[in-house]
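K.L.:
next come a sequence and a model predicted from it.
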Amino acid sequence: MSAEHDRLRATLRDLADIAEPTDLYDRAVHRSRRIARREALVGTGAAVLVLAVLGSGLWRLPQHQPAEAPAAARPPSAAAASSSPASSPAAPAPATSPPTEPPREQPVPVRPPQGDKPAPSRSGTPEPRSRVLSDLTGHVFYADREANPDVVRLSPADGDTRVVLPDAPSSVGISPDGNRIAYVADGRLLISETGGQTEQLAVGVVATEQAPVWSPQGDRLLIDAEVPGVLDVETGTITSLPAGLAAGQHFRWSGDGGTLVYATSYCGLKLATGDATSSTSVPVLGATQTRDNPDGLAACKPTSVDITGRRVTVPLQTTGESATGTDTADAIVDTSTGKLEDLPVRGTVVGAVFDAEGNLLVRTDEDGKRVLSLFTPGNLLKVQATEPASVRDLDLLAYTR
């Protein structure tokens, strides 16, 4: 190879050495510019994405939101705002994650009582202050069911029972203190100390339609001497009742002595107050029209009255039923309405009587068990105790202080 060729090769080699670095440099510059443009584009996109996330609220961590109350339960302003067409629709909840805790249970509001009607008792019967028979103060009187019954007195203090009037010839009246018994024998009005002497007070007296009935003070007797009248025990003087009451029968005094309750010939009830010159009828009882007395209820013999004259014990009957053998009360009537009182006791009522102070003694039978329940004038259950078996087959007659 000639020297000329060697020089040409050396020249080309020199040119190649100079051109290669220059070419690589240009490529590097172009590549770095492309990378920069790409990174700038990526950075700009990321910034736009971050701004979009911040604006949409998606950056917030998932939180438990209480369920929104229905429109009917929200205040009127809130309900109106939610239903207004101009309101902006709420942003949909993110579907990325469920609530982290279950929604809390809202308390159920208690509905207030409606009207004046009291809530029913849970137990159905009140709780007595005592279940001991000896806490039943006073005496309880019974009579057997014979034609001439023995009158028996129960002393709750010791549970003792004894006959205080054997073979009573008529219906009897027990004094408010329980120490005297009035009855009629052969037209004579007699008073007997319980287990003691007998005294005659009047003659010409009958007890078919009017048993002797003591006043609350124990100083007078309602009797039937041809016409109903009042006998002064101290003097023996008889004062006839006003003429307007002459047709009445089975008169009973209220505990305060201000009201007379009596029966009519058609087994209704009437009340006479004050001077007893006029009377008012007790609704419902004895009425013959179905619209007035749909159940056909009647009361032929009131047996006792509370202290005010608003409540009376009666043997409940139906219209047209015979009054014979119905001296034991089993129902209480409100004299202002004629409605029967629903007694808060268990079992069947087989006797009920008020004493002169307005206490109510109720005798019940539940599955063969006899129970005595004593209510105060304010309807509080004072005593509820099992009755002694010795008086089981007798009828309740009276309760005295």
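P.N.:
Done, it's in.
K.L.:
what does stretch 222-236 contact?
P.N.:
Residues outside stretch 222-236 that contact it (C-beta atoms under 8 Å, 6 or more residues apart in numbering): 189, 191, 201-202, 204-210, 212-213, 215, 218-221, 237-241, 245-246, 248-249, 251-253. Where you see a C-beta, it was placed from the backbone N, CA and C, and this is true even at glycine.
K.L.:
likewise for stretch 202-216?
P.N.:
Stretch 202-216 has contacts (C-beta under 8 Å, 6+ apart) with 170-176, 180, 182-184, 187-189, 220-226, 228, 230-231, 236, 238, 249-257, 356.
K.L.:
out of the residues you listed, which are inside strands?
P.N.:
Cross-referencing the contacts of stretch 202-216 against strands under DSSP state E gives 173-174, 180, 182-184, 188-189, 220-225, 228, 230-231, 238, 249-253.
K.L.:
for this structure, give me the ranges with low pLDDT.
P.N.:
Applying pLDDT under 70 to the chain flags residues 1-124, 195, 322-326.
K.L.:
strands along the stretch 201-350 of the chain, start to end?
P.N.:
213-214, 220-225, 227-232, 238-240, 249-253, 259-263, 269-273, 279-281, 297-299, 304-305, 311-314, 316-318, 331-334, 348-354 (DSSP state E, counting those that start in this stretch).
K.L.:
would you list the ones you listed in CSV and tack on distance to residue 157 and mean neighbour count?
P.N.:
Converted to CSV, those look like this (distance: least, C-beta to C-beta, whole Å; neighbours: other C-beta atoms under 10 Å):
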stretch, distance to residue 157, mean neighbour count
strand 213-214, 23, 23
strand 220-225, 28, 22
strand 227-232, 32, 19
strand 238-240, 37, 14
strand 249-253, 27, 22
strand 259-263, 31, 26
strand 269-273, 35, 21
strand 279-281, 40, 15
strand 297-299, 34, 26
strand 304-305, 23, 26
strand 311-314, 25, 27
strand 316-318, 32, 17
strand 331-334, 27, 20
strand 348-354, 19, 21
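K.L.:
which of those sits closest to residue 161?
P.N.:
strand 348-354 (15.6 Å; C-beta to C-beta).
K.L.:
turn the strands of the stretch 201-350 of the chain into JSON lines, columns for distance to residue 146.
P.N.:
Converted to JSON lines, these look like this (distance: least, C-beta to C-beta, whole Å):
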{"stretch": "strand 213-214", "distance to residue 146": "22"}
{"stretch": "strand 220-225", "distance to residue 146": "23"}
{"stretch": "strand 227-232", "distance to residue 146": "28"}
{"stretch": "strand 238-240", "distance to residue 146": "31"}
{"stretch": "strand 249-253", "distance to residue 146": "21"}
{"stretch": "strand 259-263", "distance to residue 146": "25"}
{"stretch": "strand 269-273", "distance to residue 146": "29"}
{"stretch": "strand 279-281", "distance to residue 146": "35"}
{"stretch": "strand 297-299", "distance to residue 146": "25"}
{"stretch": "strand 304-305", "distance to residue 146": "23"}
{"stretch": "strand 311-314", "distance to residue 146": "23"}
{"stretch": "strand 316-318", "distance to residue 146": "22"}
{"stretch": "strand 331-334", "distance to residue 146": "25"}
{"stretch": "strand 348-354", "distance to residue 146": "18"}
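K.L.:
tell me which of these sits nearest to residue 156.
P.N.:
Nearest to residue 156, of those and by C-beta to C-beta, is strand 348-354 at 14.6 Å.
K.L.:
touching the closest one from outside, list them.
P.N.:
255, 303-307, 311, 313, 328-332, 343, 360-366, 370, 395-399.
K.L.:
go on, stretch 358-377?
P.N.:
Against stretch 358-377 from outside (C-beta under 8 Å, 6+ apart): 128, 133, 136, 140, 255, 306-308, 332, 343, 345-355, 357, 381-387, 392, 396, 399, 401.
K.L.:
count of neighbours near the closest residue to residue 192 other than its chain neighbours?
P.N.:
Counting by C-beta to C-beta, 6 or more residues apart in numbering, residue 192 lies nearest to residue 198, which is 4.4 Å off, once chain neighbours are set aside. Neighbourhood size, residue 198 [other C-beta atoms under 10 Å]: 13.
K.L.:
could you check how far residue 282 is from residue 245?
P.N.:
As judged by C-beta to C-beta, to the nearest Å, residue 282 and residue 245 stand 15 Å apart.
K.L.:
what segments of the protein are helices?
P.N.:
Along the chain, the segments classed as helices by DSSP state H run 3-56, 76-83.
K.L.:
list the contacts for residue 251?
P.N.:
Residue 251 makes contacts with 210, 213, 222, 228, 241, 245, 260, 261, 262, as judged by C-beta under 8 Å, 6+ apart.
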